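Peer 1: Got a predicted structure plus its sequence, pasted below:
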Amino acid sequence: MMPQLVIYPLIVQMLLAIVLMFVWSKISWQRTISIVGSILNLGIAVWLFISVWQHGSHTIQAGNWEPPFGITFVADTFAATMVMLTAIAGLAVSSFSAGSVIPARLKFGFFPIFHFLLLGLNGAFLTGDIFNLYVWFEIIIITSFVLLTIGGEKAQLEGAVKYFTLNILASIIFLTAIAVLYGLTGSLNMADLAAKVAAVENRTLVQVNALLFLVGFGIKSAVFPLYFWLPASYHTPPSAVSAIFGGLLTKVGVYALMRVFTLIFEVDPFLENVLIAVAVLTLFSGAVGAIVQKNIRKIFSYLVICHIGYMIAGLGMMTEVAIAGAVFYLIHDITVKTNLFMMSGVIYKIKANHNIKKLGDFYADYPKMSLLFAIPLFSLVGIPPLSGFWPKLSLIGAGWSTENYMLIGGILFASFITLIVIVKLWGEVFWKTGEKLPETRNFPYFNKLTGLKKTQMMAPIIFLSIVSLYIGFGAGNIQALSERIAFELMDNQEYINAVLRK
Amino acid sequence: MKTIIIRTASNYMLPLLLVFSVFILLRGHYLPGGGFVGGLIASIAFVLHAFANGLGDTRKLLHFHPGFLMPTGLALAFLSGISPLVFTGEPFMTGLWYPEHLPIVGNLGSALFFDIGVYLVVQGVTLTIIFTISEST
């Protein structure tokens, strides 16, 4: 059974989704099953990670077809790390949704769809087949579309239309790129493609194809000119949904970009310049967008875009140090962004308002909770020794050695603006003496909830804050992990050998 | 739509179409057909019945909510997917085959159960969608 470990995260999520569908109308059962299942899933993800860390990449061939003909599932260190982070964020959001999402929404199959989304995420991380990657992306889009629209408020539908239009466009572009790639090489297995793409004589077509992939994944990961769907939609669904979206959805795009541009395509100087320009503009526009917003969740949405820039920057520089920085940032960003959106959910449950101008007094009313919220907020800014600081160090170091001074400027600018935004948010929401907000009728205020609900909402925030603190204080371990991932990404021979069993 | 002709016809069409859908499902091993098409044909049978006799009668005929077919079918497909893991230790989704050739069904293997799962899911989804739409009008 051991070599099958790669497939277990998928099997567990699939099983959970099916079981949850059987108990469609029993909400309290669904809550319990989802949380217990997520804990089980976290255990399996950690097991997979430890096994990969000790024994190297695991692969299996679905249906026992020989590579490159069958669909391969590969868990190298990068994939195993991402699966583990998905499990961590998934557990947190599962518990948070059990506490915060109102039963009227849960009745429409919130939890089954949520686990289908996690299934899609795990699949996208583990697959070694480019067409299979597309299929997992479709699962992610469809489930996220349902999660976005459950409840059917006007704002939600408006956001969902924008979200869906641009994401379906991204899928079409991605599919076209796969078709061209298949036409050029006759293969879909990513390890097999690595050798075959390098041998294609028509380099221009390969470059155009690489750009198609860049645009397709660029829309998914919300980089500079293609990000407009994100701030239009992320603030509309319940906070639990925003949390899983903000934490993981854009990162799948980044993961796919990293995979494709380290494994399949050689990054030539032109593509490198494009990536760096995109990174600088993403950093700039996301930061500037965040500074003018008033709605907490819109601020965080723009910060999601802004911080995608760091990862694209690491990819653009294409040195081992830079990739290690990007991977470290990815690890840090998933935990912190998930946590921040959950935090905004708690603030909303307490004050029934999202506008930072109207909020206030939070520190005076809830001092302990404010201190807890300070951890993700200041981890995001990257005040040493918290987690956001270390990857930037690697990225700036890589920027010096590759002489990308514009990029260093962009990174520093974005960090600075993030600091201003977070300090402003802290001042407005936590320290300011706010006006008395009128009580909204029939609103499930935090104080009126049962103790269990409160625990279900606060426990994941504490859990993710501890993970964030570990990433900050145990930065040596995470750095070692990121360096190993970067090494494996830059030297893709091990991945290819693991898949093709040479 | 409740004319006597269509009502009488639908009584004969329902079993006929259902048998045909099973035929298409089993045929899908080596020839065009399979769970997806079979599921669509089976749902056409119920939709036709609903047209002729009204939605209430069809619901009574089905005894359960068609949405229930979705998790059942998914579970069946899922079990056939993990059966090689459990029984022979081969990778996920490997086809397991019963060695003897059976009458009507042909070669019996885990792929057939996967297809039956698809058949049920397609039927569940189609009927849920169509019933919901025709209820709201």
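Peer 2: All right, it came through fine.
Peer 1: what helices or strands is the helix or strand residue A:87 falls within leaning on?
Peer 2: Assessed by DSSP states H and E, residue A:87 sits inside helix A:77-100. Counting contacts by 3 or more Cβ pairs under 8 Å, 6 or more residues apart in numbering or on different chains; DSSP states H and E, helix A:77-100 is packed against helix A:27-55, helix A:110-126, helix A:239-244, helix A:250-259, helix A:320-351, helix A:451-473, helix A:475-490. Quick note: C-beta positions are derived from backbone N, CA and C, even for glycine.
Peer 1: list the buried ones in the longest one?
Peer 2: Taking 16 or more other Cβ atoms under 10 Å in any protein chain shown as the basis for neighbour counts, the residues of helix A:320-351 that come out buried are A:320-351.
Peer 1: and after that helix, which helix or strand comes next?
Peer 2: Following helix A:320-351 in sequence, per DSSP H and E, is helix A:362-365.
Peer 1: Show the contacting residues for residue A:391.
Peer 2: A:310, A:325, A:326, A:328, A:329, A:332, A:482 (Cβ atoms under 8 Å, 6 or more residues apart in numbering or on different chains).
Peer 1: Relative to chain B, which of those is nearest.
Peer 2: For the contacts of residue A:391, the minimum distance to chain B (Cβ to the nearest Cβ) is 30.0 Å, reached by residue A:482.
Peer 1: and residue A:169, how many neighbours does it have?
Peer 2: 15 (other Cβ atoms under 10 Å in any protein chain shown).
Peer 1: any idea which element it lies in?
Peer 2: Residue A:169 is located in helix A:154-185, with elements delineated by DSSP H and E.
Peer 1: and that helix, how far from the chain's centre?
Peer 2: Averaging C-alpha positions (Cα atoms, centre = their mean, to the nearest Å) puts helix A:154-185 18 Å from its chain's average.
Peer 1: That one: what's the following helix or strand?
Peer 2: Next along from helix A:154-185, by DSSP H and E: helix A:190-199.
Peer 1: Now do that next one: everything it contacts.
Peer 2: Here helix A:190-199 makes contact (Cβ under 8 Å, 6+ apart) with A:67-68, A:72, A:74, A:128-130, A:181, A:184-187, A:206, A:259-260, A:263-266, A:492, A:495-496, A:498-500.
Peer 1: hmm, try it at 7 Å
Peer 2: Helix A:190-199 is contacted by residues A:68, A:128-130, A:181, A:185, A:187, A:206, A:263-266, A:492, A:495-496, A:499-500 when judged by Cβ atoms under 7 Å, 6 or more residues apart in numbering or on different chains.
Peer 1: still on that earlier bit, helices or strands up against the helix holding residue A:169?
Peer 2: Helix A:154-185 sits against helix A:130-149, helix A:190-199, helix A:203-221, helix A:229-233, with contacts defined as 3 or more Cβ pairs under 7 Å, 6 or more residues apart in numbering or on different chains; DSSP states H and E.
Peer 1: one step back: now the contacts of helix A:190-199: which count as buried?
Peer 2: Buried among the contacts of helix A:190-199 by 16+ other Cβ under 10 Å: A:68, A:128-130, A:181, A:185, A:187, A:206, A:263-265, A:492, A:495-496, A:499-500.
Peer 1: residues in contact with stretch B:70-83?
Peer 2: Contacts to stretch B:70-83, defined as Cβ under 7 Å, 6+ apart, come from residues A:11, A:14-15, A:18, A:21-22, B:92-93, B:96, B:110, B:113-114, B:116-121, B:124-125.
Peer 1: got the CA positions of it in CSV?
Peer 2: C-alpha atoms of stretch B:70-83 as CSV (Å, rounded to 0.1, in the frame of the first residue of the first chain):
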residue,chain,number,x,y,z
MET,B,70,-25.6,11.4,-7.8
PRO,B,71,-23.7,10.3,-4.6
THR,B,72,-24.7,6.7,-5.2
GLY,B,73,-23.2,6.7,-8.7
LEU,B,74,-20.2,8.6,-7.5
ALA,B,75,-19.7,6.1,-4.7
LEU,B,76,-19.9,3.2,-7.1
ALA,B,77,-17.4,4.8,-9.5
PHE,B,78,-15.1,5.6,-6.6
LEU,B,79,-15.3,2.1,-5.3
SER,B,80,-14.4,0.6,-8.7
GLY,B,81,-11.5,3.1,-8.8
ILE,B,82,-10.0,2.1,-5.5
SER,B,83,-10.8,-1.7,-5.9
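Peer 1: follow-up on the earlier one: make TSV out of the contacts of residue A:391 and add distance to residue A:202 and pLDDT.
Peer 2: Listed next are the contacts of residue A:391 as TSV, based on distance: Cβ to Cβ, whole Å; pLDDT from 0 to 100:
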residue	distance to residue A:202	pLDDT
A:310	34	93
A:325	34	94
A:326	30	95
A:328	37	95
A:329	35	94
A:332	40	94
A:482	36	95
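Peer 1: got the residues of chain B near chain A?
Peer 2: Within chain B, the positions near chain A by Cβ under 7 Å from any Cβ of the partner chain are B:70-71, B:74-75, B:78, B:82, B:85, B:89-95.
Peer 1: show me what contacts the residue in chain A that chain B sits nearest to?
Peer 2: Going by Cβ to the nearest Cβ, chain B is nearest to residue A:21 of chain A, at 3.7 Å. Neighbouring residues of residue A:21 by Cβ under 7 Å, 6+ apart: A:112, B:70, B:71, B:74.
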